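Visitor: Turn this into a model:
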Amino acid sequence: MGRPGARVVASCIGVAFLLVTGCSSNSDEDQAITIAPASAAQSPAQNTTPAGVVHPVGLPIESTTFDRETRTTVVLSGEGNQVLLFPAGDFTAPPRVIPLDDTVAQVSLAPGGVALLAMNTQVGRLDLRTGELVFVPADGDVRSVAQLPDGRLAMGLGNGEIHIVNTDTNESQVIGGLTSVDGLAVVGDSLTALDRGQTSVTAVDVPASALGVALRAGEGATQLTTDHYGRILVTDTTGDELLAYTTDTLMLRQRFPAGLAPYAVAYDDTADRAWVTLTETNEVVGFDLSSGVGVETARYPTVRQPNSVTVDTVNGDLLIGSATGDGLQQIPTRSS
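Guide: Have a look, this model is predicted:
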C-alpha cells in the first residue's frame, strides 16, 4: 500500500493519463515520474517596435506584480536580490529599492498591501506602504507562497512539500507528495499546487493534511494565475497552450492554442481578459475566456524576453518585464 496522498494524474475526461505515484516492491516510497521542468523560450532579438511606452529600469526583470490596494508595481530584478517599488503607475521617478540578502524565487500578494517573497529558508513580508520587511522562517527552499483566507501562509518547497504556517502561534503542518511546488493558487477556501516536474496541478486538502485530485497540465506547465470566476489559468509553455481549471472540483475546463512558448499570464478582472506573453515571438496576446473557447482579442509586440506580465487593475495598463534588461513596458489596453 502506498503512503497517504498517493495520487493518479488524469485527464479532464476522467481517463487515467499519467501515474505520478506508485508502489515499489523494494521500497515503501512512491516513485514520481518527472520531466525536465519547462521554462521560457530564449527569445529572439526584437525586430519590431514594442507597443506602448518602455521605461528603462537598468536591470533584467524577473517578475512584475501589481497591488491594487496601494497601487504599487512590484518589480523583482533579474538577479532576484532586490525589489523595486513603483508607486501609482509612476515609472518616471526613481523607484524605492528594497535590497535583499538572498534571492527571491517568487512574489505574491497578501491583503493589506503586503508582498510575500519566497526565499530559501524564509518568506519575506514586505509592507508596500512603508517598505518594512520582516521574515518568517521556513524549513527549506521556498519556491512559492500564498496566504490562506485565515491568514496562515502556504509555502511551496523545492522538495515537493507544502508547509502551512500560522505566524501568530508558530504552529505548522507539512503536506508531502509532490516533486516541487512551483506555484500555489488560492481560490476561496481551496488551495491548488503547480508541480513543474510532473507538469501537474493538484488540489490540496489543508484540513486533512493531504493531497487531493491531481491533473496533468499539458506537456510543460510553468506559470499560473487566478481570475474572479474562481478559475486557475496555467500556461503550458512546451505545449503552446493556455489551460483553464475550475476548483470546486478540480477539472480542466478549457484548453486552446495560445501561441509559441506562452509563459507569463495575468488576468484583468474588469475587462475579463487573460493576457499571455509569448517568449518565442516577443508578443503578448489577450484572450476572452467567457465562452468554451478562448477568443483572441488583442496582440502586441513586446520588449525582448517578456518573462513577466501583470495588469494595473485600476486603469487596465499591461506591465511587461524584459528578462534581458530591455525595460518595463506599459501598454494601455482598456480602449482596445
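
Visitor: And the helix or strand where Asp141 lies, what does it pack against?
Guide: Using DSSP states H and E, Asp141 falls within strand 133-147. Packing partners of strand 133-147 (3 or more C-beta pairs under 8 Å, 6 or more residues apart in numbering; DSSP states H and E): strand 104-110, strand 114-127, strand 153-157, strand 162-165, strand 183-187, strand 190-195. The C-beta positions use only the backbone N, C-alpha and C, and glycine is treated the same way.

Visitor: Now do the contacts for Thr49.
Guide: Taking C-beta atoms under 8 Å, 6 or more residues apart in numbering, we find Thr49 in contact with Pro301.

Visitor: Over to Pro60?
Guide: Pro60 is in contact with 77-79, 322-325, counting by C-beta under 8 Å, 6+ apart.

Visitor: Arg334 and Gly294, how far apart?
Guide: Distance of Arg334 to Gly294, computed by C-beta to C-beta, to the nearest Å: 20 Å.

Visitor: quick one, which of these two is more surrounded?
Guide: Neighbour comparison, Arg334 and Gly294: the larger count goes to Gly294, with 23 against 12 (by other C-beta atoms under 10 Å).

Visitor: Val303 contacts Pro50, correct?
Guide: Yes: judged on C-beta atoms under 8 Å, Val303 makes contact with Pro50 at a distance of 5.1 Å.

Visitor: Could you tell me which residues touch both of the two?
Guide: Listed as contacting both Val303 and Pro50 by C-beta under 8 Å, 6+ apart are Gln329.

Visitor: quick one: which of the helices and strands packed on strand 133-147 is nearest Thr202?
Guide: Among the helices and strands packed on strand 133-147, strand 190-195 comes nearest to Thr202, with 5.0 Å by C-beta to C-beta.

Visitor: what angle do the closest one and strand 183-187 make?
Guide: Computed by axes from the mean of the first three to the mean of the last three C-alpha atoms, to 10 degrees, the angle separating strand 190-195 from strand 183-187 equals 160 degrees.
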